[in-house]
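need a structure here:
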Amino acid sequence: MVIFQGKRGAIELSMNTIIIVVIGITLLTLGLRWIYGIFGGLEEQQQQLERLSEEQIIALFEGSQDAINLPTSTIKIPQGKRHNLQVTIRNILGNTQKFKYGLVIDSIPSNVQDTIVMSKIRWYESEMNLPSGEGFRDYISFDTSKLPLGIYRFRLTLDCLDCTPPDSRSDSVILEVTAK
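So this is what the prediction gives:
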């Protein structure tokens with residue numbers, strides 16, 4: 001009889017071990033599926049955010065791949081009025097770079113001084129750091145009070161201050177001051 005009691009305990013021990021192993025494998029499988037479900041959802045969300053970000057960048061730059069984007073390059077303003085020209089610049093060079101943009105006079109009516117014209121224009125004149133692909137939107141404000149009628153031609157310049165070799169881009173802006 002002693003022999004049977006020892007074997008019965010061994011059988012019960014091995015049954016308990018098998019049950020514990022089966023329960024452990026089941027819990028491990030369920031846990032892994034649960035974790036996979038969480039991280040699978042995060043990956044889908046990340047892809048959706050990337051797609052939405054790309055769509056917003058395209059909308060911001062109106063489909064343009066250029067570093068400088070102007071909705072129009074010719075503006076007609078009645079004398080004595082103000083106009084805000086939206087300008088969007090973007091880092092298309094890669095890596096974070098330091099940029100500065102500005103306006104340079106190409107031609108103005110002969111009876112006007114450069115300094116008077118430039119005093120009537122406002123824009124963001126500070127340097128800015130732009131990560132790769134990111135943009136900056138600003139408004140160039142033209143005040144035509146005390147400016148004579150005529151056509152004023154400017155060049156909008158975008159300079160990369162960190163780039164080696166230096167990178168400079170430009171676009172034309174024509175301002176026509178008309179009669180009221």
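
Please count neighbours and contacts with C-alpha atoms only from this point.
Will do.

backbone phi and psi for the closest residue to Gly150 other than its chain neighbours, please?
The shortest distance from Gly150 to any non-neighbouring residue, by CA to CA, 6 or more residues apart in numbering, is to Val177 (5.4 Å). Phi and psi for Val177, reported as degrees, to the nearest 10, are phi -90, psi 120.

Can you give me the domain assignment for this structure?
Domain ranges of the chain: 1-60, 68-178, per automatic domain parsing.

any idea how far the first one is from the chain center?
Relative to the mean C-alpha coordinate of its chain, domain 1-60 is positioned 39 Å out (CA atoms, centre = their mean, to the nearest Å).

Quick check: pLDDT value at the residue nearest to Arg137 when sequence neighbours are not counted.
Counting by CA to CA, 6+ apart, Arg137 lies nearest to Thr88, which is 4.4 Å off, once chain neighbours are set aside. Looking at Thr88, its pLDDT reads 85.

just Thr29 next, same as before
Listed pLDDT for Thr29 reads 91.

isn't Thr178 right up against Pro78?
Yes: with contact defined as CA atoms under 8 Å, Thr178 reaches Pro78; the gap is 4.7 Å.

State the distance from the spatially most central residue of the chain to Lys100.
Nearest residue to the geometric centre of the chain (CA atoms, centre = their mean): Glu134, 3.1 Å. Between Glu134 and Lys100 the computed distance is 14 Å (CA to CA, to the nearest Å).

cool, and Pro131?
Pro131 is 14 Å from Lys100, where distance means CA to CA.

Kindly report the same for Leu175.
Leu175 sits 22 Å away from Lys100, going by CA to CA.

partner strands of the helix or strand hosting Leu156, parallel or antiparallel?
Element membership for Leu156, per DSSP states H and E: strand 150-160. Paired with strand 150-160 in the same sheet, following DSSP bridges, are strand 97-107 (antiparallel), strand 167-178 (antiparallel).

In TSV: the ones you listed, plus mean neighbour count and distance to Gln45.
Listed next are these as TSV, based on neighbours: other CA atoms under 10 Å; distance: least, CA to CA, whole Å:
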stretch	mean neighbour count	distance to Gln45
strand 97-107	17	29
strand 167-178	17	36
